[in-house]
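Q: requesting a structural model of the entry that follows:
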Amino acid sequence: PGVSLKLCEVEGSDALEKGGGPHAWQQMHHHFVMPSISHMRVSQTVCYRYLTWDSRLFPNPIAMQEDIASRGRKMVTIVDPHVKRDSAYYIYKEASDNKYFVRKSDGTEFDGWCWPGASSYLDVTNPEVRSWWATQFTPDKYKGSTKHLYIWNDMNEPSVFNGPEITMQKDVLHYGDVEHRDIHNIFGYYYHLATAEALIHRGQEKELYGEHGDRPFVLSRAFFAGTQRVGPIWTGDNAAQWSHLAVSVPMLLTLGLTGLPFSGADVGGFFGNPDAELLTRWYQLGMYYPFFRGHAHLETQRREPWLFGEDTTRRIREAIRGRYALLPYIYTLFRHTNQTGIPLMRPLWFEFPDDTTLFATEEEFLLGPAIWVKPVLQAGASQVSVTLPAGAVWYEALAGKAIMPKAGRPMNTAVHMDAIPVFYRGGHIIPRRDRPRRSTAAMVNDPFTLVIALNKSGYAVGDLYLDDGRSFAFAEGQYMHRRFTFQNGVLTCDVMPQPTGTPPGTLTSKLQLERIIILGLPTNKSYTATVGSKSFSVLSGLGVDVRISQGDAVVINAAGLPIGSDWQLRVSEEVAAA
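A: Numbering: from 1, shown residues only. The predicted structure is shown next:
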């Protein structure tokens with residue numbers, strides 16, 4: 001449940017809501033700023049009746065979803081726990097007739113105030129209610145929905161505008177006559193769970209999804225222990241302020257450490273209007289969030305990147321492209337998280353527990369074990385102080401320059417608007433897909449690039465996990481997990497060992513490597529690269545990033561090397577002719 005391909009997200013719903021949908025998509029295509037998922041707000045519904053479409057704004061929602069799906073994308077609609085008290089609304093009538101709502105102490109339906117006005121709240125602590133809710137999301141019930149539509153739950157703490165502390169009274173009764181005071185913190189979890197169970201139920205329709213079902217995607221604002229088994233969360237309504245950009249890092253690090261790894265913060269801030277610099281810096285950081293989504297209040301100013309000028313558009317485009325490129329690495333991290341619980345975003349001390357100087361560092365972090373990130377958190381910054389842990393070799397992510405820091409000595413590094421400081425950690429191999437695409441679906445047949453960052457001993461290891469990205473077939477062994485090891489000048493590709501009890505991977509693939517980028521080899525020398533009798537061209541002194549023409553990388557044109565087969569590639573210094 002913690003593994004999803006729906007990781008690169010930019011919200012286009014504001015434009016869609018205001019009737020500018022086709023124009024917005026044209027602009028996204030023109031500027032190559034493309035989301036994989038578009039989220040819709042509550043105004044998509046008929047007067048806040050969830051699981052409905054306002055036909056004035058969306059006269060043909062099925063055609064809209066199919067059109068978006070034809071471009072390799074998905075759509076997400078919002079479904080909140082408050083149900084409009086309207087006997088003509090089928091959800092309310094059926095739930096009320098079956099006494100599925102939370103009750104007041106006198107046994108009558110609890111009546112709270114939220115977006116629809118007078119609202120009742122499903123008692124999702126009741127298994128019977130959850131089972132009923134699970135049947136409401138199939139296309140025959142949720143009119144205007146398709147198999148391409150997924151869900152997010154907002155306001156599920158639950159929010160009650162006219163209640164004490166903006167929630168339910170403590171003596172409101174739930175299943176088994178349990179008072180709200182005793183279950184408040186798990187109400188949002190149960191609503192999230194019930195909605196995810198609904199999408200799992202929908203996914204069992206074999207004609208739509210196949211025999212292995214469909215993984216649910218349900219984003220939630222409220223959460224509790226166990227939410228990591230249900231779906232992603234976000235940190236709620238932040239603001240377009242530098243301080244909120246800064247606090248997102250320790251918030252997400254803490255969530256990961258407490259067992260909730262699939263989380264993110266609203267890029268750009270939910271309230272307020274970011275300027276070009278803040279928005280750019282937020283995208284440059286947000287591309288490393290486990291959950292990456294732009295989101296803004298309805299009354300904020302439009303903030304599509306191209307509205308801020310060509311430089312800002314280019315920088316945000318590059319951040320989004322960078323996210324797409326890193327998806328193989330991020331998806332592989334999610335596999336490890338799914339198996340072990342280890343978070344994707346990690347404080348520095350998590351990987352370097354013996355270095356006590358790192359214990360208080362909360363603005364810098366590691367994405368997995370291999371990528372170190374330092375966000376720029378102040379306006380107008382021309383340099384930042386970085387704390388690269390000692391004992392490792394670190395390589396600049398753009399040009400590949402090696403740095404070996406000394407313990408306890410932060411160093412200043414110059415910054416510019418085109419990127420934030422990011423380093424690859426020596427000893428690790430990072431899989432990427434570097435061809436620019438407009439969706440994850442368009443990438444499925446693309447070749448891979450391996451970035452090999454050598455440690456002081458010339459060693460590095462990494463892995464790549466693949467499955468179909470949407471079903472539960474991986475649980476039955478339909479996956480591929482490959483290991484890459486570089487040692488003594490030889491890159492070995494073989495099967496990644498699995499934890500005890502995990503079925504062996506049976507997925508086959510014709511996917512191939514495209515490039516191998518090696519950091520840590522002298523670039524003033526020439527090299528040969530061979531697999532058996534086959535040779536591959538090698539160039540020295542290139543950049544790691546395709547935007548950098550010169551750098552400290554040795555690049556092998558590895559076109560044709562299959563990732564699904566075992567092989568060894570030998571890299572040797574070229575011997576000059578006598």
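
Q: and residue 450, how many neighbours?
A: 26 (other CB atoms under 10 Å). Placement of C-beta: from N, CA and C, glycine included.

Q: quick check: it is in a helix.
A: No: with DSSP: H, G, I helix; E, B strand; the rest coil as the criterion, residue 450 is located in strand rather than a helix.

Q: my guess is it meets residue 485, correct?
A: No: counting by CB atoms under 8 Å, residue 450 does not reach residue 485; the two are 11.2 Å apart.

Q: could you tell me which residues touch both of these two?
A: Residues touching both residue 450 and residue 485 (CB atoms under 8 Å, 6 or more residues apart in numbering): 429, 491.

Q: so where's the stretch 151-300 of the chain uncertain?
A: Scanning the stretch 151-300 of the chain for pLDDT under 70 picks out no residues.

Q: show me what contacts the closest residue to residue 414 other than its chain neighbours?
A: Spatial nearest neighbour of residue 414, chain neighbours left out: residue 383 (5.0 Å); criterion: CB to CB, 6 or more residues apart in numbering. By CB under 8 Å, 6+ apart, the residues touching residue 383 are 412-415.

Q: any idea how far residue 482 lies from residue 152?
A: In this view, residue 482 and residue 152 are 33 Å apart by CB to CB, to the nearest Å.

Q: so between these two, which is more surrounded?
A: Using other CB under 10 Å, the more surrounded residue of residue 482 and residue 152 is residue 152, with 26 against 23.

Q: tell me the secondary structure for the more buried one?
A: strand.

Q: swap in residue 165?
A: Per three-state DSSP, residue 165 ends up helix.

Q: and if you look at residue 568?
A: Here residue 568 is recorded as strand under three-state DSSP.

Q: give me the number of residues near it?
A: Per other CB under 10 Å, the neighbour tally for residue 568 reads 13.

Q: same deal with residue 135?
A: Residue 135, neighbours per other CB under 10 Å, totals 12.

Q: go on, residue 164?
A: 9.

Q: from residue 453, how far off is it?
A: 54 Å.

Q: and the residue nearest to residue 414, what are its phi and psi?
A: phi -150, psi 160 (degrees, to the nearest 10).

Q: give me the pLDDT for it.
A: Looking at residue 383, its pLDDT is 97.

Q: what does residue 463 give?
A: pLDDT at residue 463 comes out at 98.

Q: what's the burial count for it?
A: Neighbours of residue 463 using other CB under 10 Å come to 19.

Q: in the stretch 251-400 of the chain, which spans are strands?
A: 263-264, 266-267, 293-294, 345-346, 365-367, 371-373, 383-386, 394-396 (DSSP state E, counting those that start in this stretch).

Q: can you redo those strands as CSV with distance to residue 44?
A: Formatted as CSV, those follow (distance: least, CB to CB, whole Å):
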stretch, distance to residue 44
strand 263-264, 22
strand 266-267, 18
strand 293-294, 17
strand 345-346, 31
strand 365-367, 33
strand 371-373, 35
strand 383-386, 41
strand 394-396, 44
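
Q: closest one to residue 64 among those?
A: Relative to residue 64, the nearest member of these by CB to CB is strand 293-294, separated by 19.9 Å.

Q: and the helices in the stretch 151-300 of the chain, which stretches?
A: Here the stretch 151-300 of the chain has its helices, by DSSP state H, counting those that start in this stretch, at 180-203, 206-209, 242-257, 276-286.

Q: check those helices for me and report the most buried one.
A: Most buried of these, by mean neighbour count (mean count of other CB atoms under 10 Å): helix 276-286, with a mean of 23.

Q: chain center to that one, what's the gap?
A: With CA atoms, centre = their mean, to the nearest Å as the basis, helix 276-286 stands 16 Å off its chain's centre.

Q: what's that helix packed up against?
A: helix 242-257, strand 266-267, helix 310-340 (3 or more CB pairs under 8 Å, 6 or more residues apart in numbering; DSSP states H and E).

Q: from what I can see residue 272 touches residue 303, true?
A: No: counting by CB under 8 Å, residue 272 stays clear of residue 303, with 10.3 Å between them.

Q: who has more neighbours out of those two?
A: Under the criterion of other CB under 10 Å, the comparison of residue 272 against residue 303 puts residue 303 first, with 20 against 16.

Q: mind listing what's buried in stretch 259-268?
A: Neighbour-count burial for stretch 259-268 flags 260-268 (criterion: 16 or more other CB atoms under 10 Å).

Q: convert that stretch to CSV, retaining C-alpha atoms only.
A: Only the C-alpha atoms of stretch 259-268 are listed here, as CSV (Å, rounded to 0.1, in the frame of the first residue of the first chain):
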residue,chain,number,x,y,z
GLY,A,259,6.4,5.5,10.6
LEU,A,260,4.6,7.8,8.0
PRO,A,261,7.0,7.9,5.1
PHE,A,262,4.6,8.9,2.2
SER,A,263,4.1,12.6,3.0
GLY,A,264,4.5,16.0,1.5
ALA,A,265,3.8,19.7,2.0
ASP,A,266,1.8,22.0,-0.3
VAL,A,267,4.4,23.4,-2.7
GLY,A,268,4.2,27.1,-2.9
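
Q: for burial, what's the neighbour tally of the closest residue to residue 349 other than its chain neighbours?
A: Leaving aside its sequence neighbours, residue 349 sits nearest to residue 358 (CB to CB, 6+ apart; 4.6 Å). By other CB under 10 Å, the residues close to residue 358 number 21.

Q: from residue 453, how far off is residue 358?
A: 20 Å.

Q: skip the chain neighbours and tell me the closest residue to residue 549.
A: residue 543 (6.2 Å).

Q: residues in contact with the one you found?
A: Going by CB under 8 Å, 6+ apart, residue 543 touches 398-400, 549-551, 553.

Q: got it, and residue 314?
A: Applying CB under 8 Å, 6+ apart, no residues contact residue 314.

Q: lowest-scoring secondary structure element of the chain by mean pLDDT?
A: Within the chain, no helix or strand scores below helix 13-17, which has a mean of 39 by mean pLDDT, DSSP states H and E.

Q: still on that earlier bit, to residue 208, which of the helices and strands packed on helix 276-286 lies closest?
A: Here helix 310-340 is closest among the helices and strands packed on helix 276-286 (CB to CB), at 23.8 Å.

Q: which parts of that closest one are buried?
A: 312-338.

Q: now that helix: average pLDDT?
A: In this model, helix 310-340 carries a mean pLDDT of 96.

Q: what's the angle from it to helix 242-257?
A: For helix 310-340 against helix 242-257, the angle by axes from the mean of the first three to the mean of the last three CA atoms, to 10 degrees is 20 degrees.

Q: residue 88 versus residue 96, what's the distance?
A: 12 Å.

Q: of these two, which one has the most company?
A: Taking neighbours as other CB under 10 Å, residue 96 and residue 88 compare with residue 96 leading, 16 against 8.

Q: pretty sure that one contacts residue 119?
A: No: Residue 96 is beyond contact range of residue 119, at 11.9 Å (criterion: CB under 8 Å).

Q: circling back: beyond the least confident helix or strand of the chain, next helix or strand please.
A: helix 21-31 (DSSP states H and E).

Q: please list all residues in contact with residue 118.
A: Residue 118 sits next to 84-85, 111-112 when contact means CB under 8 Å, 6+ apart.

Q: check for me that it belongs to a helix.
A: No: Residue 118: not assigned to a helix; according to three-state DSSP it is strand.
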